[in-house]
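> what shape does this take:
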Amino acid sequence: MTRTVQQLFDLSGKTAVVTGGSRGLGLQMAHALGEAGARVLISSRKAHDLEQAAAELQAAGIDASWLAADAANPEDLARLAGHAHAQFGAIDVLVNNAGATWGAPAEDHPLEAWDKVMNLNVRGYFLLSQLVARQGMIERRRGSIINIASIAGLGGNPSGMTTIAYNTSKGAVLNFTRALAAEWGRYNIRVNAICPGFFPSKMTAGTLQAMGGADAVAGHAPLARLGDDEDLKGITLLYASDAGKHITGQWLAVDGGVSAVGGA
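Down below sits the predicted model:
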């Protein structure tokens with residue numbers, strides 16, 4: 001029998017892992033998944049931030065827990081995947097969100113900074129996806145992996161921005177998403193990406209300032225605003241749920257229209 005829209009978006013009984021889930025976009029997506037009924041495990045490097053975020057989720061009626069782990073560290077990722085499997089069994093939804101940026105002119109960009117960005121933004125996504133798939137998604141023949149890219153991965157930087165490693169990493173995330181979707185489609189594992197535009201956050205604060213402030217940046221978007229605390233919820237839930245069961249290998253920009261007018 002054909003399901004209703006409400007049934008298609010329902011995540012009751014599902015388990016989701018969100019890296020970088022203690023604040024900002026990660027916490028917003030954790031709310032979306034939990035509000036749809038999923039159990040949510042959030043992770044980031046700082047236990048104090050995670051404890052506060054989990055308390056916020058729990059206060060909203062969400063079954064939430066946390067584990068501190070560095071998503072750039074292979075041992076920490078193995079520990080995270082092992083903990084999730086031991087606590088919940090196979091994971092239904094993985095949100096690869098933890099990320100880093102670094103501002104420096106390309107000609108002066110430190111190698112160690114390049115490696116830091118790449119290890120977290122690209123290698124970490126691959127390693128955790130591999131671990132979670134091996135521990136249940138492949139055997140169960142189902143799962144959804146959501147990679148957080150960026151409109152910075154769609155083109156070059158606006159004048160004045162110097163984030164070569166970040167842009168390169170997010171471009172890599174997009175093709176990683178396509179390649180993994182093509183390879184794991186036979187397991188019914190869906191892999192999609194979200195390309196956020198500018199959202200107020202600790203990571204974007206310096207970039208917004210360099211570009212003339214939040215109002216100036218918002219003025220370049222057709223919708224004339226930055227992203228808010230709700231704007232990633234819909235696409236996250238679509239990708240995670242059966243409402244998106246025939247969508248894989250795709251990306252969507254959530255940027256107020258910036259990429260549509262060539263502003264990425």
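
> could you pull out the helices in the stretch 51-200 of the chain for me?
74-88, 111-118, 124-132, 138-140, 164-184 (DSSP state H, counting those that start in this stretch).

> so which of the ones you listed is nearest A224?
Within those, the stretch nearest A224 is helix 164-184; the backing value is 24.0 Å (C-beta to C-beta). Heads up, the C-betas are built off the backbone N, CA and C, glycines and all.

> what angle do whichever strand in the chain runs longest and helix 164-184 make?
Longest strand in the chain, counting residues (DSSP state E): strand 189-196. Strand 189-196 runs at 160 degrees relative to helix 164-184, counting by axes from the mean of the first three to the mean of the last three C-alpha atoms, to 10 degrees.

> tilt between strand 189-196 and helix 124-132?
150 degrees.

> show me where this protein has strands.
Using DSSP E, strands in the chain cover 15-19, 39-44, 64-68, 93-96, 143-148, 189-196, 251-254.

> want to try TSV for these, with distance to R3 as columns?
As requested, the strands of the chain are exported to TSV (distance: least, C-beta to C-beta, whole Å):
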stretch	distance to R3
strand 15-19	20
strand 39-44	21
strand 64-68	26
strand 93-96	18
strand 143-148	17
strand 189-196	17
strand 251-254	23
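
> T248 contacts G185, correct?
Yes: if you go by C-beta atoms under 8 Å, T248 and G185 touch, sitting 6.1 Å apart.

> tell me which of those two has more neighbours.
T248 (21 against 13; other C-beta atoms under 10 Å).

> ok, back up a step: and the helices of the stretch 51-200 of the chain, which is most packed in?
Each of the helices of the stretch 51-200 of the chain was assessed for mean neighbour count using mean count of other C-beta atoms under 10 Å. The highest is helix 124-132, with a mean of 22.

> check contacts around L27.
L27 makes contact with G21, I42, A53, E56, L57, according to C-beta atoms under 8 Å, 6 or more residues apart in numbering.

> my guess is the second one contacts E51. True?
No: between I42 and E51 there is no contact, the gap being 10.2 Å when judged by C-beta under 8 Å.

> so between the two, which is more surrounded?
Neighbours were counted for I42 and for E51 using other C-beta under 10 Å; I42 has more, 30 against 13.

> what sits closest to the more buried one if chain neighbours are left out?
The shortest distance from I42 to any non-neighbouring residue, by C-beta to C-beta, 6 or more residues apart in numbering, is to G21 (3.0 Å).

> what is the nearest of the contacts of L27 to T4?
Closest to T4, out of all of these and judged by C-beta to C-beta, is L57, at 26.3 Å.

> give me the neighbour count for the closest residue to D242 other than its chain neighbours.
Spatial nearest neighbour of D242, excluding adjacent residues (C-beta to C-beta, 6+ apart): L8 at 4.9 Å. Counted with other C-beta under 10 Å, the neighbours of L8 add up to 15.

> same thing with L154?
Neighbour count of L154, defined by other C-beta under 10 Å: 20.

> didn't it look like it was pressed against D255?
No: applying C-beta under 8 Å as the test, L154 and D255 come out as separate, 9.2 Å apart.

> sorry, back to before: list residues touching both of I42 and E51?
W66.

> shaky segments in the stretch 51-200 of the chain?
158-160 (pLDDT under 70).

> L41 and G89 touch, don't they?
No: L41 is not in contact with G89 according to C-beta under 8 Å; the separation is 12.0 Å.

> between these two, tell me which one has more neighbours.
Counted by other C-beta under 10 Å, L41 and G89 do not tie: L41 has more neighbours, with 24 against 12.
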